[in-house]
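Visitor: Here is my input; please provide its structure:
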Amino acid sequence: MKIWNSIWRFIDVIMAALLCSMIALVFTNVVLRYGFSSGLRPSVELSRLGLVWLVMLGAAVVLRRNEHLAVAEFSQALFPRAVPLLRRLAYVVILVSVLMLFWGAFRQMNANWNNISQLTGLPSAVLYLSGVVSSILMTVIAAVRIINPDALLPQDTSDGITHG
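Guide: Numbering: from 1, shown residues only. Okay, here's the model as predicted:
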């Protein structure tokens, strides 16, 4: 569990760094464009790439923290005894969905390793790699939570609330 928590702390740091770099790139580009009639050509593409990575890693983080949008009031009010089964079924649906995401992103990643961006010099596959990484993380979470829906929740969060 200690390694698992370290991985998630590292992902949080990566997401913060991505957000800060996106802000810096866009701000610098705006200042250069309007103040000096120039700009950073790769900043738009790098910001887009950072946003995709931020969203994909954020989706895995939200699934781990169990903070995704869910309407559980109906199931808890109408079928309180079925809630554990319904949660497991929801994780089966999530597992199937992220496996489809993995398959599609993996195929696109492999197909685009040789497609190099003219602006950044990075392979286009880096964009699809975010789907592969996040789907692997979400697959692990969903597979474990099919067996135990309360597993892999963070034990202590920065908001002071203890989960699990």
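Visitor: Which other helices and strands does the helix or strand of the chain with the lowest mean pLDDT contact?
Guide: Least confident helix or strand, the chain: helix 73-78 with a mean of 75, by mean pLDDT, DSSP states H and E. Packing partners of helix 73-78 (3 or more C-beta pairs under 8 Å, 6 or more residues apart in numbering; DSSP states H and E): helix 83-111. Just so you know, the C-beta spots here come from the backbone N, C-alpha and C atoms, and that holds for glycine as well.
Visitor: Can you mark which positions in the helix it packs on are buried?
Guide: 87, 90-91, 94-95, 98, 101-102, 105-106, 108-109 (16 or more other C-beta atoms under 10 Å).
Visitor: what's the pLDDT at the residue nearest the centre of the chain?
Guide: Among the residues of the chain, the one closest to the centroid is Leu57, at 2.0 Å (C-alpha atoms, centre = their mean). Looking at Leu57, its pLDDT stands at 96.
Visitor: Now it: which helix or strand?
Guide: helix 43-65 (DSSP states H and E).
Visitor: contacts for that helix?
Guide: 8, 11-12, 14-15, 18-19, 21-22, 25-26, 28-29, 68, 94, 117, 119-120, 122, 126-127, 130-131, 133-134, 137-138, 141-142, 152-154, 157, 163 (C-beta atoms under 8 Å, 6 or more residues apart in numbering).
Visitor: angle of it against helix 83-111?
Guide: Per axes from the mean of the first three to the mean of the last three C-alpha atoms, to 10 degrees, the angle that helix 43-65 makes with helix 83-111 is 150 degrees.
Visitor: list the buried ones in helix 43-65?
Guide: Those would be 43, 45-47, 49-50, 52-54, 56-57, 59-61, 63-64, for helix 43-65 by 16+ other C-beta under 10 Å.
Visitor: Can you check which helix is longest in the protein?
Guide: Ordering each helix of the chain by length in residues (DSSP state H) puts helix 2-36 first.
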